[in-house]
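In: coords please:
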Amino acid sequence: MLKYIFMIFLLLGLPATAWSKVAPADLSAQRPLILGGFQLADQGRLNASDAARLASHPLHGWVEATLWRKRIATATPAEVRAVLARHDGQPAADWLREAWLLELARRKEWTPFRADYRPSASVELRCAELAARLATGASDAAWTADVQAIWLSGSGLPATCDAPFAALQARGQLGEDLRWQRIELALGQGQVALARFLARSLPANAATLAASYADFVEAPHARTATWPRDARSRRIAALGLAGLARRDPEAARTQLATLGPALDLDEAQRGQVLYQVALWTVASYLPGSADRLAEVPESAYDERLHEWRVREAMNRRDTAAALAAIAKMPPAQRADSRWQYFEARLRERNKESELASALYTQAANAATFHGFLAADRLKLPYALCPLQPSDDAALRQRVAANPGLVRALELFRIDRTGPAIREWAALLRGLGEQERYVAIDFALDAGWHDRGVFTIGDAPEAMQYYALRFPLPHERTIRREARKHALDPAWVAAQTRAESAFMAHARSPANARGLMQLLPTTADLTAKRQGIAYRGVESLYDPDVNIILGTAHLRFELDQQGGLPYQAIAAYNAGPAPVARWNRDRPGFEPDFWIETVTYKETRDYVARVLAFSVIYDWRLDGDAVPVTERMLGRTVDASSRRKFRCPTPSSASSTP
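Out: Residues are numbered from 1 along each chain as shown. Just a heads-up that it's a prediction; the model follows:
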């Protein structure tokens, strides 16, 4: 069929661009029919004639799966298998199969379970399958190995695992060693209650010891004299003291001084504790941070602690110590644009201008916050090498005609988000890289803006598809509201992208809602303060309402922070109290050092991210950009001072935001 369609395009003399405008099937005319079908299925009332009217619709499988999941408790194998057969290979069938298998397990109908089972990542289903093999006489050596593999988990396991575990124990194949292994895994994951539960099945003396271990991990105690001086006791001691260090670094350090020699903890175990002591001391810049960092063996350092060693020195304004800390980083970390930039800044302070300039030049090849800052220091254009989805006519038509894409987009349009995500994930597994980018392009056209953010892939060039990763819906509203509040529209767009990826119905665990993730209380206060009509929390899912209120709130935060956007961005994320504390603790810090020494990782990264995103949105909105150095301070610039864009050669290009 595709060949014939393509021939028609050629015969008609249509240009390739016309072919590239193809889109997935428009199912809007059939939407009332399919919505009615889902409504009946949700109620378990879809009858044969209703289903027949939907038989040709791409979402027919999802309607049937919805119906039979609703009826699962009374369904027969023949009824469910008919649906599974009709839609075999589709995510709807997989979704129904999961519910069906759990129902068969509940009924203990193990023969049909085994007939209908397919390999699954679900531990609940995997354990049910082990129970089925046990009940049908297939508990061989492979079965034993499979049960033991699932047993070795540091988390609680579903009830479907109980029968296989009981059988393994009855056969003497769930011995003390396996129990100890799982207890250690549980303690390593902080699952103290699980460890205590598992300890009850050990012999009396071992159970007492395991309980003491669990007590120590929860709150280190002085009863360690009764512990055996063996490898397990040393591992538990290091684990418990490392946990204590997160709550009380100095208490952990004090106990380590006594317990370390008593149990003969090795360097790695002492390093495990000292690492946490240093991390949780320096993360709040407590007194003695530099000393605690110096006590950590170099063998225990990782990238995270290397970064904190630099920040701690920056916090003290100790240029020499900060440079020494950067010099100790692994080569790959030191070559990251962030640390190239800060090494350049520090060397600039030391009057090492030539070395600073060379480092700025390297960092400026990266399309990142720090790469943009480096370019500002040298007054260079910003590095940006944007890629676009393929306009190959045949490729785009092939993706547009993919049934999985058609189903995913229509499910998204009718607010069946869970099924839509299942279809999307299955779709991407079958697409090549170029097909993936085209599929995301189609998703953006459908308003599914976060697909380019979360499913772009990890190919090296994926981050360069900026138009996919940085959607720009509601541009007119953004420009209008930004102008009304004297804000930079690229900043408003960047803030929205960072908050919700432009998903109008986004809702956070903290109950922040909509495009700019406003809390209902914030929205209400903003509306009253500005005299804006506000129709209640549900209206926050209206893009216009959210942008109107969100932009007004952003202006309020900017005014509260003395007109400094970088601090307003931090306050938008963390609240005004932490920002006030950071200003109190580090008065007079330049914006770039202020951002890097923020104690909250989320906020530190968030500020840098929003500022970098602002550059990308400047590129999208106007083709050039306000220099980040000026944007951080809220300064306006004339057209001649805006940054142009360039694409560095592949050998010099670096990472992207």
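
In: What's the local residue count around Arg171?
Out: Residues near Arg171, counting by other Cβ atoms under 10 Å, number 11. Just so you know, the C-beta spots here come from the backbone N, C-alpha and C atoms, and that holds for glycine as well.

In: Who are the contact partners of the residue lying closest to it once chain neighbours are set aside?
Out: Residue nearest to Arg171 in three dimensions, not counting chain neighbours: Thr144, with 7.8 Å by Cβ to Cβ, 6 or more residues apart in numbering. Shown in contact with Thr144 (Cβ atoms under 8 Å, 6 or more residues apart in numbering): 168, 171, 173.

In: So what does the second one look like in phi/psi?
Out: Dihedral angles phi and psi of Arg171 (degrees, to the nearest 10) take the values phi -90, psi 0.

In: Let me know the pLDDT of it.
Out: The per-residue pLDDT reported for Arg171 equals 95.

In: roughly how far apart are it and Ala131?
Out: 15 Å (Cβ to Cβ, to the nearest Å).

In: so where's this structure shaky on pLDDT?
Out: Low-confidence segments of the chain (pLDDT under 70): 1-20, 650-656.

In: and Leu130, what does it touch?
Out: With contacts defined as Cβ under 8 Å, 6+ apart, Leu130 is in contact with 143, 146-147, 150, 161, 164.

In: which one of those sits closest to Tyr606?
Out: If you rank those by distance to Tyr606 using Cβ to Cβ, Ile150 comes first, at 38.7 Å.

In: Run a quick neighbour tally on the closest one.
Out: 15.

In: Same check on Ala115?
Out: 12.

In: are any of the contacts of Leu130 buried, and which?
Out: 143, 146-147, 161, 164 (16 or more other Cβ atoms under 10 Å).

In: Could you point out the longest helix of this structure?
Out: The longest helix of the chain (DSSP state H) is helix 601-622.

In: that older thread, ok, the contacts of Thr144 vs Asp458, which is closest?
Out: Leu168 (38.7 Å).

In: circling back to that earlier point, with secondary structure as extra columns, can I get the contacts of Leu130 in CSV?
Out: Output for the contacts of Leu130, formatted as CSV (DSSP: H, G, I helix; E, B strand; the rest coil):
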residue, secondary structure
Trp143, helix
Asp146, helix
Val147, helix
Ile150, helix
Cys161, helix
Pro164, helix
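
In: Can you report phi and psi for Tyr382?
Out: Dihedral angles for Tyr382 - degrees, to the nearest 10 - are phi -80, psi 140.

In: now do the same end-to-end measure for stretch 346-357.
Out: By Cα to Cα, to the nearest Å, the extent of stretch 346-357 from end to end equals 11 Å.

In: how near is Pro91 to Gln567?
Out: 46 Å.

In: again with Arg304
Out: 25 Å.

In: of the two, who's got more company?
Out: Gln567 (25 against 11).

In: can you list the residues that contact stretch 37-53?
Out: Stretch 37-53 is contacted by residues 33, 54, 57, 59-60, 62-64, 66-67, 70-71, 414, 416 when judged by Cβ under 8 Å, 6+ apart.

In: Mark which of those are buried, thanks.
Out: 54, 57, 59-60, 62-64, 66-67, 70, 414, 416.

In: Can you add distance to Gly288 and give those back as JSON lines?
Out: As requested, the buried ones among the contacts of stretch 37-53 are exported to JSON lines (distance: Cβ to Cβ, whole Å):
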{"residue": "Leu54", "distance to Gly288": "69"}
{"residue": "His57", "distance to Gly288": "68"}
{"residue": "Leu59", "distance to Gly288": "62"}
{"residue": "His60", "distance to Gly288": "67"}
{"residue": "Trp62", "distance to Gly288": "60"}
{"residue": "Val63", "distance to Gly288": "65"}
{"residue": "Glu64", "distance to Gly288": "66"}
{"residue": "Thr66", "distance to Gly288": "60"}
{"residue": "Leu67", "distance to Gly288": "65"}
{"residue": "Lys70", "distance to Gly288": "62"}
{"residue": "Ile414", "distance to Gly288": "59"}
{"residue": "Arg416", "distance to Gly288": "55"}
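
In: Most widely separated two among those?
Out: Taking Cβ to Cβ as the measure, the buried ones among the contacts of stretch 37-53 span a maximum distance of 18.7 Å, between His57 and Lys70.

In: what are the phi and psi angles of the closest residue in space to Pro77 that isn't next to it in sequence?
Out: Nearest residue to Pro77, sequence neighbours excluded (Cβ to Cβ, 6+ apart): Pro112, at 4.9 Å. Taking degrees, to the nearest 10, you get phi -60, psi -30 for the backbone angles of Pro112.
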